[in-house]
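Q: Take this sequence and fold it.
(3 chains)
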Amino acid sequence: MSPSRLPASFYRRPALEVARDLLGRTLCRELADGSVLRGRLVEVEAYDGPADRASHAFRGLTKRNRWMFEAGGLAYVYLVYGMHHCLNVVTGEAGHPAAILLRAAQLPDGSLVSGPGRLTRAFQVDRGLDGSSLLSGSLWIEAGRPVADRAVRRAPRIGVDYAGAWASRPYRFIVSRS
DNA sequence: GGTGCGATTGCA
DNA sequence: GCAATCGCACCA
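A: Model (predicted):
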């Protein structure tokens, strides 16, 4: 258990707050051989509450989205388009469905992994990690180097045009400068 | 039990 | 611009 692993209290806050605070943090993934992949989170999206039409939780609890209804600190991993995995961080209190989609990270060598499907491929994340705790286990987030307000840009979420007015809400958070 | 489609990506 | 590819949400 790494001492710099972000604690449960980090995740059990409102989704928009957690989303903004995830920027600059270090996504960590331990592989079977014991090596650890790391990347600095530079783009995330919040999906917040039962009224958010863009969220998987909009139509209530289902087999797929059940982890979104748990207390923050879990991974929610699902398959989209039959071929790409998406990695989310569950946030907030139990009963309030919310999660943050991880969209892009900067690797230690400076290269950028951009896109939720590319991110899960790079970090070898699939549905085997769905529902796993970020507080223990092979997937977690460390404190890293938080980002100043002036370096944060907000924008509408990607790929949710079906969500009506919710599609234009600025729920995407991007590191615009280092 | 059947059907339509997606919080994407890569290639033409 | 569009095909790939399948779990699952939803309806019957």
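Q: Near DNA strand B, which residues of chain A are found?
A: Counting by CB under 7 Å from any atom of the strand, chain A comes close to DNA strand B at A:45, A:47, A:54-57, A:65, A:68, A:76, A:79-84, A:86, A:88, A:99, A:101, A:115-119, A:157-160, A:162. C-beta: built from backbone N, CA, C; applies to glycine.
Q: A ChimeraX selection for those residues, restricted to the buried ones, would help me check which they are.
A: In ChimeraX, a selection of the buried entries from the residues of chain A next to DNA strand B looks like this (16 or more other CB atoms under 10 Å):
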select /A:45,47,54,55,56,57,65,68,76,86,88,99,101,115,116,117,119,157,160
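Q: Sitting in helices, which of the residues of chain A next to DNA strand B do you find?
A: Filtering the residues of chain A next to DNA strand B for membership in helices, criterion DSSP state H, returns A:P116, A:G117, A:R118, A:L119.
Q: Make sure the second one is actually in contact with A:V80.
A: In this case it means A:G117. Yes. Counting by CB atoms under 8 Å, A:V80 is a contact partner of A:G117 at 7.5 Å.
Q: what sits in contact with each of these two?
A: A:C86 (CB atoms under 8 Å, 6 or more residues apart in numbering).
Q: just the residues of chain A next to DNA strand B that are near DNA strand C?
A: A:N65, A:L79, A:Y81, A:G82, A:M83.
Q: Excluding chain neighbours, what is closest to the last one?
A: Take A:M83 and drop its neighbours on the chain: the residue closest to it by CB to CB, 6 or more residues apart in numbering is A:G117, 7.8 Å away.
Q: What of the second one?
A: The spatially closest residue to A:L79, leaving aside those adjacent along the chain, is A:H85, at 5.8 Å (CB to CB, 6+ apart).
Q: ok so, going back, just give me the closest of the ones next to DNA strand C among the residues of chain A next to DNA strand B to A:V36.
A: A:L79 (24.8 Å; CB to CB).
Q: OK, contacts around the closest one?
A: Per CB under 8 Å, 6+ apart, neighbours of A:L79: A:H85, A:C86, A:R127.
Q: If I look at the second one, what pLDDT would I see?
A: It stands for A:C86. On the pLDDT scale, A:C86 is placed at 98.
Q: Same question for the last one.
A: Note on A:R127: pLDDT of 98.
Q: Show the contacting residues for the nearest residue to it once chain neighbours are set aside.
A: Leaving aside its chain neighbours, A:R127 sits nearest to A:V77 (5.2 Å; criterion: CB to CB, 6+ apart). Residues in contact with A:V77 (CB under 8 Å, 6+ apart) are A:H85, A:C86, A:L87, A:N88, A:T120, A:V125, A:D126, A:R127, A:L129, A:D130.
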